[in-house]
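1. no sequence on this one, just coordinates:
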């Protein structure tokens, strides 16, 4: 009789551990997905500001058509990569594509800002100044959202790789998640421009 009670207690303890592990993994997965949605909101804000930036610059930078077109092309590429990442935040391929697209966009924006330095009337333009200020604020928000997402992914990965949660993760096919890479150091920072 006591062996039966002992067996029932052991089974109950194992069941509680498995259920608790499963629920914890689901909670952490939902947390990093929610953190990605915050990145997506800020990226969309950034993408919406770029046409305003290009329009403000277009009137002054008639001879810099290639630069303006490169910014728009990089924006469109980043939007497409972001759409794929929204479908499955944490997917290694989607995160890498988004990271690469964002690095290209940041580089194109950096070139636009650097070139705009040689146009005094553009630097004095109020609309351009306002868009640049909003874009700078958005870049900071993206950095904070990226950090929250990467923290969430790191915690999720730690749990699904730790015992006994890894048994639950493998049994129920919890996929690994990928961090969102930052832009390469030479492309990361948009030059500070004071108008």
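-> Nice, thanks for sending it over. Source: prediction; values computed, not measured. Residues are numbered from 1 along each chain as shown.
2. where in the chain is pLDDT low?
-> Applying pLDDT under 70 to the chain flags the ranges 1, 62-63, 123, 183-195.
3. mind checking the longest helix of it?
-> helix 2-58 (DSSP state H).
4. next SSE after that one?
-> Going down the chain from helix 2-58, the next helix or strand is helix 65-87, by DSSP states H and E.
5. count of residues packed around residue 15?
-> The criterion is other Cβ atoms under 10 Å. On that basis, residue 15 has 10 neighbouring residues. C-beta coordinates here come from the backbone N, C-alpha and C atoms, glycine included.
6. also residue 117?
-> Residue 117 has 11 neighbouring residues, counting by other Cβ under 10 Å.
7. got it, and the one 5 residues further on?
-> For residue 122, the count of nearby residues is 21 (other Cβ under 10 Å).
8. please report phi then psi for the nearest residue to it once chain neighbours are set aside.
-> Of all residues beyond its chain neighbours, the one nearest residue 122 is residue 60 (3.9 Å), with distances taken as Cβ to Cβ, 6 or more residues apart in numbering. For residue 60, the backbone dihedrals (degrees, to the nearest 10) come out as phi -90, psi -30.
9. now residue 90, what's its secondary structure?
-> Classification of residue 90 using DSSP: H, G, I helix; E, B strand; the rest coil returns coil.
10. run a quick neighbour tally on it.
-> For residue 90, the count of nearby residues is 23 (other Cβ under 10 Å).
11. so that it lines up with my notes, have the first residue be 30 from now on.
-> Sounds good: first residue 30 from here, last item residue 119.
12. secondary structure class for the residue nearest to it when sequence neighbours are not counted?
-> Spatial nearest neighbour of residue 119, excluding adjacent residues (Cβ to Cβ, 6+ apart): residue 206 at 3.0 Å. Here residue 206 is recorded as coil under three-state DSSP.
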